[in-house]
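Chemist: Generate coordinates for the sequence data below:
(one chain, ligands or ions: 2)
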Amino acid sequence: MCVDKNVGRSSCKIIYNNQIAEGVYEIVFESASISSLAQPGQFVNLYSSIGSRLLPRPISICEVNTKEQWVKLVYAVVGDGTKEFSMLGKGQTIDVLGPVGNGYEVEACETSILVGGGVGTPPLLELAKRIEGKKLIYLGFRTGSYLVEEFKKYGEVQVATDDGSEGHHGTVITLMNQNNADGQRIYACGPKPMLKALQQWAGERNIRAQLSLEERMGCGFGACVGCVCKIKAKNELGYTYKKVCKDGPVFDAKEVLF
Ligand SMILES: Cc1cc2nc3c(=O)[nH]c(=O)nc-3n(C[C@H](O)[C@H](O)[C@H](O)COP(=O)(O)OP(=O)(O)OC[C@H]3O[C@@H](n4cnc5c(N)ncnc54)[C@H](O)[C@@H]3O)c2cc1C
Ligand code: FES
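Modeler: Ligands and ions are numbered 1, 2, ... in the order given. Below is the predicted model:
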């Protein structure tokens, strides 16, 4: 079980930490507080046990189980921090702070469109569980896929890959166009080019879209300005800066300046 070290930061016991695709891991750890508080689209900060790696690594909450008090994250190994996490095993502990950020505003409607790209797909799983109504789920990957079977429990899933190794050969946007995707709300998380294209796609159809941005971060909880993004504002500049870790990571597509 989690042992509180200070406000919001806990040492959590790992239930498992398995590779689910090339360079992609799924970690599940015990946490009564995070599993009960987490909203879809929020993230946690994971801390390295190595003193020189001071900054936390933000990872989105993929799924929680309030009853069994666990939290699931899915992460790609891209550098030293995530490599260190990938070597942790069952029974070991990891320092976690969270949940952090605003999360998606879940809105009732007839059909919701969920769009994920790469490591932007995990936060949509808990969201898919909590949205009512029909769900069209578009998942894009460079090559191969993961979490697809889990998503199938909650909606109609379509996969696109850049190299054509699975599903549609191309982007999620071309796949959505091919399918004449239609809905009243869009929720998305993924790389910037995908979010930018989706902002335009939603704008042309006048559909409200919420985008989760994955900026590089510093402190991870609002104390520095390491994660700012440009948000439209009614001032002389036409924009202001907001902190992705605290004001986001989810923003209305109409507000974001890419
Ligand atoms: C709100 C939020 C949620 C996130 N959720 C997830 C998630 O669910 N799963 C997941 O795999 N990753 C997620 N990320 C990205 C993740 O935080 C980084 O990949 C991780 O911090 C890299 O740490 P590292 O020490 O392994 O790599 P580093 O040594 O810090 O960096 C290695 C490489 O990764 C790049 N990188 C680092 N941070 C980011 C970033 N935020 N976005 C894009 N590239 C980055 C660097 O530019 C560098 O090329 C999220 C990021 C944010 C801000
Ligand atoms: S990462 Fe420090 S303010 Fe956002």
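Chemist: From now on I want contacts and neighbour counts done on CA atoms only, so please keep to that.
Modeler: Noted.
Chemist: can you give me phi and psi for Leu125?
Modeler: phi -70, psi -50 (degrees, to the nearest 10).
Chemist: where does Leu139 sit relative to ligand 1, distance-wise?
Modeler: 14 Å (CA to the nearest ligand atom, to the nearest Å).
Chemist: Get me the contact residues on the stretch 101-250 of the chain for ligand 2.
Modeler: Residues of the stretch 101-250 of the chain lying near ligand 2 by CA under 6 Å from any ligand atom: 217-227, 243-245.
Chemist: Now narrow those residues to whatever sits close to ligand 1.
Modeler: Within those, those near ligand 1 by CA under 6 Å from any ligand atom are Met217.
Chemist: filter the residues of the stretch 101-250 of the chain next to ligand 2 to the buried ones?
Modeler: With neighbours counted by 16 or more other CA atoms under 10 Å, those contain buried members at 217-222, 225-227, 243-245.
Chemist: pLDDT weak spots in this structure?
Modeler: 1-7 (pLDDT under 70).
Chemist: do that again at 80, thanks
Modeler: Low-confidence segments of the chain (pLDDT under 80): 1-8, 51-52.
Chemist: okay, now the domains of it?
Modeler: Domain assignment of the chain by automatic domain parsing yields the ranges 3-100, 104-205, 213-258.
Chemist: Tell me how many other residues surround Ile50.
Modeler: The local packing of Ile50 (other CA atoms under 10 Å) involves 9 other residues.
Chemist: on that earlier part again, just the buried ones among the residues of the stretch 101-250 of the chain next to ligand 2 now: which is nearest Val256?
Modeler: Nearest to Val256 out of those is Val244 (CA to CA; 11.2 Å).
Chemist: who touches the closest one in this structure?
Modeler: 101, 213-215, 227-229, 250 (CA atoms under 8 Å, 6 or more residues apart in numbering).
Chemist: a markdown table for those residues, including secondary structure?
Modeler: Shown next, in a markdown table, are the contacts of Val244 (DSSP: H, G, I helix; E, B strand; the rest coil):
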| residue | secondary structure |
| --- | --- |
| Gly101 | coil |
| Leu213 | coil |
| Glu214 | coil |
| Glu215 | coil |
| Cys227 | coil |
| Val228 | strand |
| Cys229 | strand |
| Val250 | strand |
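Chemist: Grab the two from those that are most spread out in space.
Modeler: Gly101 and Cys229 (14.2 Å).
Chemist: Go through the longest helix belonging to the chain and flag the buried ones.
Modeler: With secondary structure taken from DSSP state H, the chain has its longest helix at helix 192-205. Buried residues in helix 192-205, counted by 16+ other CA under 10 Å: 192, 194-196, 198-199, 201-202.
Chemist: got it, and stretch 178-195?
Modeler: Going by neighbour count (16+ other CA under 10 Å), the buried part of stretch 178-195 is 183-192, 194-195.
Chemist: sorry, back to before: the longest helix of the chain and ligand 1 in contact?
Modeler: No. Shown here: helix 192-205 not in contact with ligand 1 (CA under 6 Å from any ligand atom), separated by at least 9.3 Å.
Chemist: Could you list every helix and strand that that helix packs against?
Modeler: helix 172-178, strand 185-189, strand 208-212 (3 or more CA pairs under 8 Å, 6 or more residues apart in numbering; DSSP states H and E).
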